[in-house]
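# fold the following.
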Amino acid sequence: MLLASGIVLEGYQLADKALATRPGKILAALVATMIGALSMAIASGIVNRATGFPPGEFPYTVTFLAPLTAGYIILLATTVMFIVAPMSILMGGVV
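The predicted structure follows:
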């Protein structure tokens, strides 16, 4: 639990410092745009697989599912950070 809270706190502090600069704001806007596009694509795929019809037939369903799939993308990024952060700490101590 302490490692998890430390990674979340460090991530928040890094994001706070990055968003204070102009390139950080631009990068955050690009990442948010990519998460939005990816979540719309995943939602369209879910609707297509569930109904067998094109997602254009159910635009409200795709719109409803998109924010729900964005959470999974953010969760995946957080999971990757929980793997990368300890590995970088361990490798930094070895070198």
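
# Leu38 contacts Tyr72, correct?
No: Leu38 is not in contact with Tyr72 according to Cβ atoms under 8 Å; the separation is 9.8 Å. To be clear about C-beta, it is placed using only N, CA and C from the backbone, and glycine gets the same treatment.

# more crowded one of these two?
Neighbours per residue, other Cβ atoms under 10 Å: of Leu38 and Tyr72, the larger number sits with Leu38, 15 against 12.

# which residues in this protein form helices?
Per DSSP state H, the chain has helices spanning 2-18, 22-51, 59-94. These are given in chain order.

# now the one residue sitting closest to the centre of the chain: closest residue in space, sequence neighbours ignored.
With distances taken as Cα atoms, centre = their mean, Ile74 lies nearest the centre of the chain, 2.6 Å away. Leaving aside its sequence neighbours, Ile74 sits nearest to Ile35 (Cβ to Cβ, 6 or more residues apart in numbering; 7.1 Å).

# which residues touch the one you found?
By Cβ atoms under 8 Å, 6 or more residues apart in numbering, the contact set of Ile35 is 70, 73-74.

# check Leu90 too.
Neighbour list for Leu90: empty [criterion: Cβ under 8 Å, 6+ apart].

# Phe82 versus that one, what's the distance?
In this structure, Leu90 lies at 13 Å from Phe82, with Cβ to Cβ, to the nearest Å as the measure.

# dump the helices of the chain to JSON lines, plus mean pLDDT.
As requested, the helices of the chain are exported to JSON lines (pLDDT from 0 to 100):
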{"stretch": "helix 2-18", "mean pLDDT": "82"}
{"stretch": "helix 22-51", "mean pLDDT": "92"}
{"stretch": "helix 59-94", "mean pLDDT": "84"}
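
# tell me which of the ones you listed sits most buried.
Burial among those, expressed as mean neighbours by mean count of other Cβ atoms under 10 Å, is greatest for helix 22-51, which shows a mean of 14.
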